[in-house]
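In: Compute the structure for the input listed below.
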Amino acid sequence: MTTSTIDVKEKMPGRIQHEGLSALRSANQSAEAAGLADMTLDEINAEIAAARQERGQQVQRDSLQ
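Out: Numbers count the residues shown, from 1 in each chain. Coordinates of the predicted model:
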C-alpha cells in the first residue's frame, strides 16, 4: 500500500494537534516547577519587555566593543 499526498494531509492535523497539546502540557509542567504557573498576563508581558530591553542593552554594549 502506498501513501498518497492526500492521506498525509488528512493525518497531519491530528498529529499536529497532539504534538501541540503535548508541548503545552510540558510547558505548563515546567512553569509549575519554576513557580511561574500563576503569573498574570500583565506579569508575563512585563517579563518579556524586561528581557527584550536587557537583550537590546547587551547588543548595544557588544557593538561598542
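
In: got any ranges where the chain has weak pLDDT?
Out: 1-12 (pLDDT under 70).

In: Which stretches in it count as helices?
Out: 5-33, 41-64 (DSSP state H).

In: Mind giving me the packing neighbours of the shortest one?
Out: Packed against helix 41-64 by the contact rule (3 or more C-beta pairs under 8 Å, 6 or more residues apart in numbering; DSSP states H and E) you find no helix or strand. In short, each C-beta sits where N, CA and C put it, glycine included.

In: Please save the CA atoms from it in PDB.
Out: The C-alpha trace of helix 41-64 is given here as PDB (Å, rounded to 0.1, in the frame of the first residue of the first chain):
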ATOM      1  CA  LEU A  41      -0.900  38.200  31.600                       C
ATOM      2  CA  ASP A  42       0.400  41.600  32.700                       C
ATOM      3  CA  GLU A  43       3.200  39.900  34.700                       C
ATOM      4  CA  ILE A  44       4.200  37.800  31.700                       C
ATOM      5  CA  ASN A  45       4.200  40.800  29.400                       C
ATOM      6  CA  ALA A  46       6.300  42.700  31.900                       C
ATOM      7  CA  GLU A  47       8.900  39.900  32.000                       C
ATOM      8  CA  ILE A  48       9.000  39.800  28.200                       C
ATOM      9  CA  ALA A  49       9.500  43.500  28.000                       C
ATOM     10  CA  ALA A  50      12.300  43.400  30.600                       C
ATOM     11  CA  ALA A  51      14.100  40.600  28.800                       C
ATOM     12  CA  ARG A  52      13.800  42.400  25.400                       C
ATOM     13  CA  GLN A  53      15.200  45.600  27.000                       C
ATOM     14  CA  GLU A  54      18.100  43.800  28.600                       C
ATOM     15  CA  ARG A  55      18.900  42.000  25.300                       C
ATOM     16  CA  GLY A  56      18.800  45.300  23.500                       C
ATOM     17  CA  GLN A  57      21.200  46.800  26.000                       C
ATOM     18  CA  GLN A  58      23.500  43.800  25.600                       C
ATOM     19  CA  VAL A  59      23.500  44.200  21.800                       C
ATOM     20  CA  GLN A  60      24.500  47.900  22.200                       C
ATOM     21  CA  ARG A  61      27.300  47.100  24.600                       C
ATOM     22  CA  ASP A  62      28.600  44.400  22.300                       C
ATOM     23  CA  SER A  63      28.500  46.800  19.300                       C
ATOM     24  CA  LEU A  64      30.600  49.400  21.200                       C
END
